[in-house]
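**Student:** The following block contains a protein sequence and its predicted model.
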Amino acid sequence: GGKVDPGETPAEAAARELQEEAGISAPLEHAGSLLFAAVLHVSLRSFDACYSSRTDEMRPEWFALPADIAGAAFVSDLPQTPYETMWADDVYWMRHLLQGIPFAGRCDFEKDGQEGEESKIVRWWFGAPRHT
């Protein structure tokens with residue numbers, strides 16, 4: 001689903017959906033804006049969850065932060081983030097999210113209608129303020 005219910009704000013819908021689909025309760029804060037076709041997605045930065053939380057819609061998994069974000073001395077037994085199995089745009093904006101850098105972006109996906117074919121990025125842009 002991921003839809004905003006009547007009388008609900010987008011932030012309330014994000015918190016509700018996160019709880020329903022992943023069993024995670026989190027203090028959400030605006031971290032960035034992503035536009036897919038005409039759907040705005042809300043992202044989160046910090047949360048508490050049970051490692052075994054699973055629902056019919058989601059199976060949460062945990063991954064290590066990239067070394068250049070976590071620090072070269074940080075060692076984790078967790079697997080690296082599998083960008084190759086995620087939506088194609090995630091590699092562009094997720095680094096900003098993980099570093100706490102506000103961002104905005106748009107990504108247009110397209111299919112040619114073939115059964116089982118994955119969507120492909122046809123246009124995109126992502127930006128973040130410069131840090132001096």
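**Tutor:** Ah, there it is.

**Student:** distance between the ends of stretch 76-87?
**Tutor:** Start-to-end span of stretch 76-87 (Cα to Cα, to the nearest Å) is 24 Å.

**Student:** Please state the offset of it from the chain centre?
**Tutor:** Distance of stretch 76-87 from its chain centroid, counting by Cα atoms, centre = their mean, to the nearest Å, is 13 Å.

**Student:** now swap in stretch 104-114 and tell me
**Tutor:** Centroid separation for stretch 104-114 versus its chain: 16 Å, with Cα atoms, centre = their mean.

**Student:** What mean pLDDT does it get?
**Tutor:** Stretch 104-114 comes out with an average pLDDT of 76.

**Student:** ok, and for it, which residues are buried?
**Tutor:** 105, 107, 109 (16 or more other Cβ atoms under 10 Å). (Glycine included, C-beta is placed from N, CA and C.)

**Student:** Give me the contacts around the helix or strand where the second one lies.
**Tutor:** Read that as residue 107. Under the criterion of DSSP states H and E, residue 107 resides in strand 103-110. Outside of strand 103-110, the residues within contact range by Cβ atoms under 8 Å, 6 or more residues apart in numbering are 31-37, 88-89, 92-93, 96-97, 119-128.

**Student:** How about stretch 74-87?
**Tutor:** The contact list for stretch 74-87 (Cβ under 8 Å, 6+ apart) reads 62, 63, 64, 65, 66, 67, 70, 90, 91, 94.

**Student:** Show the end-to-end separation of it, please.
**Tutor:** End-to-end distance for stretch 74-87: 27 Å, by Cα to Cα.

**Student:** Could you report the distance from residue 108 to residue 90?
**Tutor:** In this structure, residue 108 and residue 90 are 15 Å apart, going by Cβ to Cβ, to the nearest Å.

**Student:** do residue 31 as well
**Tutor:** Separation of residue 31 from residue 90 (Cβ to Cβ) stands at 14 Å.

**Student:** got it, and residue 107?
**Tutor:** Distance of residue 107 to residue 90, computed by Cβ to Cβ: 10 Å.
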